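1. no FASTA, just this:
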């Protein structure tokens, strides 16, 4: 075994969970909005976008639960993520994530 293999085995995978996994959830929500707009444009039902919304919500919940577990067990590793966040905040698309939200929530189908 090499030294790097031994070093990787000493730390659990949870300690190295990157905060940038939240970008996956945000991207899935964007896909949901795109599918919703396509379904509206083609005048078809909203079944596919609702399924993708459910999957996106579950994914985002799982990522959040994992990161909260990391924050509980490894607060020092979470503190190491903050400089990364300050660099990301200066990136223009990260400053305005609300542009991905639909203009009116009332347009979503109600059951």
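-> Perfect, thanks for sending it. Note that the structure is a prediction, hence the values are computed from the model and not measured. Numbers count the residues shown, from 1 in each chain.
2. point out where this protein drops to low pLDDT.
-> Filtered on pLDDT under 70, the chain yields the residue ranges 1-10, 84-111.
3. going by neighbour count, list what's buried in the lengthiest helix in the chain.
-> Counting residues, the longest helix found in the chain (DSSP state H) is helix 47-73. Using 16 or more other Cβ atoms under 10 Å as the test for burial, helix 47-73 gives 49-50, 52-53, 56, 59-60, 63, 67, 70. Where you see a C-beta, it was placed from the backbone N, CA and C, and this is true even at glycine.
4. one more: stretch 31-38?
-> For stretch 31-38, by 16+ other Cβ under 10 Å, it's 32, 35-36.
5. pull the residues that contact stretch 11-23.
-> If you take Cβ atoms under 8 Å, 6 or more residues apart in numbering as the criterion, stretch 11-23 is touched by 60, 63-64, 66-67, 69-70, 73-74, 77, 81, 84-85.
6. residue 44: which of those residues is nearest?
-> residue 60 (25.7 Å; Cβ to Cβ).
7. ok, the closest one touching residue 53?
-> No. Using Cβ atoms under 8 Å, residue 60 makes no contact with residue 53, being 10.5 Å away.
8. any shared contact partners between these two?
-> In contact with both residue 60 and residue 53: residue 29, using Cβ under 8 Å, 6+ apart.
9. before we move on, the earlier item: could you export the buried residues of stretch 31-38 as TSV, including secondary structure?
-> Below are those laid out as TSV (DSSP: H, G, I helix; E, B strand; the rest coil):
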residue	secondary structure
32	helix
35	helix
36	helix
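10. okay, these in a markdown table with distance to residue 14 next?
-> Shown next, in a markdown table, are the buried residues of stretch 31-38 (distance: Cβ to Cβ, whole Å):
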| residue | distance to residue 14 |
| --- | --- |
| 32 | 28 |
| 35 | 32 |
| 36 | 34 |
